[in-house]
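Visitor: A predicted structure for the sequence below; I have some questions about it.
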Amino acid sequence: MSKLTKITLDEKEMPRQWYNIAADLPGPMNPPLGPDGNPVSPEMLAPVFPMNLVEQEVSQERWIDIPEKVLEMLYLWRPTPLVRARNLEKILGTPARIYYKNESVSPAGSHKPNTAVAQAYYNKEFGIKKITTETGAGQWGSALSFATSLLGLECKVFMVRVSFDQKPFRKMMMRAWGGECVASPSNETQAGRDILEKYPDTPGSLGIAISEAIEAAVTDKSGETRYSLGSVLNHVLLHQTIIGLETKKQLAKINEKKVDVVIGCAGGGSNFAGLAFPFVNDKINGSEIDVIAVEPASCPTLTRAPFAYDHGDVAKMTPLMAMHTLGHSFIPPPIHAGGLRYHGISPLISHAVNHDLIRPEAIHQLECYEAGVKFARSEGIIPAPETTHAIASAIREANKAKEEGKEKVIVFNFSGHGLMDLVGYDKYFNGELSDHSLPDEDLAKFTEILKGHPEPIRK
Ligand SMILES: *Cc1c(COP(=O)(O)O)cnc(C)c1O
């Protein structure tokens, strides 16, 4: 067995194509539906996204070439290291070998720039000058600001109000990269003004910010503005598959032949899918792999929410998508894993869960912070609150391997560092955080809004 701690690839070894799981998933996918209840055509998405990205969104090609210019931008921090978590293994006393893919080494500190640079590139290729988007805690807004700065595009970010007020550092990062950031709901859009009139003190939500960002894009008369989403959609997950494809090369390099468990935290699902989809491909082809998507118990989209057609935003500007959803008006509890609080999750992941290719798991906040601290004090990097969900699950699996006395191989995605999220750690150390399960009554109340939507086919 290899003695390496960091398994690295050089730039020449970086994958040249993304993997599109749509080519391999069993059974028919439920198509996105327009306001008339019919499947949306690519043309209907044209005011929102540039056509070259719409083509990727609906593509059934298994492999899609990564443009040379995108590769050059990715070289700024990729390939990322795969790290053997020896110290963590030691303190757990597990016979398992634990590896994590360190996506925190990107300029913005997470996996999000992988798709940000690709999306900025395709927008620029299409002649777009300005991109609008939403951001929760600010990770996506900062990643897109970084990417647009490389290509000389303008970037406008609608940031969920509560984070705008409580998390000033990512706002400053956006500014440093030339992005413009406003608190959402704002007075700049009809969607924002409507919400502010009804709920002047609203903390905001991703669903509201998405409505604002789409509206700002489609109402720009120049025709040179488009909208960008940092997760959930097929093309976003596609761009993230470079994570899992690199991981496979790295495991092969140290002769690690069989992976038993693959883990990622899941908000909209992009970092999870990025690592997991190339392994789900192996699973479709007969390998036995436990593929685990971890979400917060307070926002249990995959573990408890219904599979239904729902909008991606509050103002219903997006098509209806077939996904596990807590309802588009869901207001999440104020847990610290800001990136895991979205009401829906990627249709591709929802579909794979329905087909038992992915196993969802919900974990409470305190167990996650405990895992995050254990990781920081053994492996060094302070994880983002989102990432602690993957770590907590990896620790559960390592402990299981210990009980079973099995030398399992566990790989998880280290989606980002927590250096901008230290306030959450401080609250944890002060004993100010508690566990929160979404009560059944609240789940029933929020999903009420799904009544009357068309029924997707589950399998
Ligand atoms: C945004 C974010 C997430 C959640 O988004 P996904 O699309 O589910 O990956 C997880 N971890 C980090 C560090 C993030 O920034």
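Guide: Thanks, I have the structure now.

Visitor: Please count neighbours and contacts with C-alpha atoms only from this point.
Guide: Will do.

Visitor: Residue 355: neighbouring residues, count only.
Guide: Per other CA atoms under 10 Å, the neighbour tally for residue 355 reads 15.

Visitor: Write out the residues of the stretch 51-200 of the chain neighbouring the ligand.
Guide: The stretch 51-200 of the chain has residues 110, 139 near the ligand, with proximity defined as CA under 6 Å from any ligand atom.

Visitor: how about the strands in the stretch 51-200 of the chain?
Guide: Using DSSP state E, counting those that start in this stretch, the strands of the stretch 51-200 of the chain run over 63-65, 82-84, 97-102, 130-135, 154-160, 180-184.

Visitor: Adding mean neighbour count and mean pLDDT, write those strands out as a markdown table.
Guide: Shown next, in a markdown table, are those (neighbours: other CA atoms under 10 Å; pLDDT from 0 to 100):
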| stretch | mean neighbour count | mean pLDDT |
| --- | --- | --- |
| strand 63-65 | 14 | 98 |
| strand 82-84 | 23 | 98 |
| strand 97-102 | 23 | 98 |
| strand 130-135 | 28 | 97 |
| strand 154-160 | 27 | 97 |
| strand 180-184 | 23 | 98 |
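
Visitor: would a markdown table of these with distance to residue 260 be doable?
Guide: Below are the strands of the stretch 51-200 of the chain laid out as a markdown table (distance: least, CA to CA, whole Å):
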| stretch | distance to residue 260 |
| --- | --- |
| strand 63-65 | 25 |
| strand 82-84 | 15 |
| strand 97-102 | 10 |
| strand 130-135 | 34 |
| strand 154-160 | 38 |
| strand 180-184 | 42 |
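
Visitor: Any idea which of those strands gets closest to residue 196?
Guide: Closest approach to residue 196 among the strands of the stretch 51-200 of the chain is made by strand 180-184 (9.4 Å; CA to CA).

Visitor: Extract the C-alpha set from the closest one and format it as PDB.
Guide: Presented in PDB, the C-alpha positions along strand 180-184 are these (Å, rounded to 0.1, in the frame of the first residue of the first chain):
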ATOM      1  CA  GLU A 180     -21.500  43.700  -7.300                       C
ATOM      2  CA  CYS A 181     -23.500  42.300  -4.400                       C
ATOM      3  CA  VAL A 182     -26.900  43.500  -3.100                       C
ATOM      4  CA  ALA A 183     -29.000  42.100  -0.200                       C
ATOM      5  CA  SER A 184     -32.100  40.100  -1.300                       C
END
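
Visitor: hmm, who's touching that strand?
Guide: For strand 180-184, contacts defined as CA atoms under 8 Å, 6 or more residues apart in numbering pick out 155-161, 164, 171, 174-175, 192, 204-205, 208-209, 212.

Visitor: The same query, at a cut-off of 6 Å, please.
Guide: Strand 180-184 has contacts (CA atoms under 6 Å, 6 or more residues apart in numbering) with 156, 157, 158, 159, 160, 161, 164, 209.

Visitor: Could you list the contact residues of the stretch 201-350 of the chain toward the ligand?
Guide: Within the stretch 201-350 of the chain, the residues that sit near the ligand (CA under 6 Å from any ligand atom) are 231, 266, 267, 268, 269, 270, 271, 272, 339, 340.

Visitor: tell me the least confident of those?
Guide: Here the lowest pLDDT out of those sits on residue 339, with 77.

Visitor: Could you tell me how many residues sit around the closest residue to that residue other than its chain neighbours?
Guide: Take residue 339 and drop its neighbours on the chain: the residue closest to it by CA to CA, 6 or more residues apart in numbering is residue 267, 5.9 Å away. Residue 267: 29 surrounding residues under other CA under 10 Å.

Visitor: quick one: low-confidence ranges for the stretch 301-450 of the chain?
Guide: The model of the stretch 301-450 of the chain has pLDDT under 70 over residues 334-336.

Visitor: which residue does it bring closest to the ligand?
Guide: Using CA to the nearest ligand atom, the closest approach of the stretch 301-450 of the chain to the ligand is made by residue 416 at 3.6 Å.

Visitor: Residue 108 is in contact with that residue, correct?
Guide: No: look at residue 416 against residue 108 with CA atoms under 6 Å: they stay out of range, at 8.8 Å.

Visitor: Check the residues of the stretch 201-350 of the chain next to the ligand and tell me the two furthest apart.
Guide: Greatest spacing in these, by CA to CA: 272 and 339 (12.4 Å).

Visitor: neighbour count winner among those two?
Guide: Between residue 272 and residue 339, residue 272 has the larger neighbour count (other CA under 10 Å), namely 30 against 22.

Visitor: for stretch 426-440, which positions count as buried?
Guide: Residues of stretch 426-440 classed as buried: 428, 433, 436 (neighbour count, 16 or more other CA atoms under 10 Å).

Visitor: The residues you listed into JSON lines, with extra columns for secondary structure?
Guide: Formatted as JSON lines, the buried residues of stretch 426-440 follow (DSSP: H, G, I helix; E, B strand; the rest coil):
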{"residue": "428", "secondary structure": "helix"}
{"residue": "433", "secondary structure": "coil"}
{"residue": "436", "secondary structure": "coil"}
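
Visitor: center of this protein - which residue?
Guide: By CA atoms, centre = their mean, the chain has its centre lying nearest to residue 270, at 3.4 Å.
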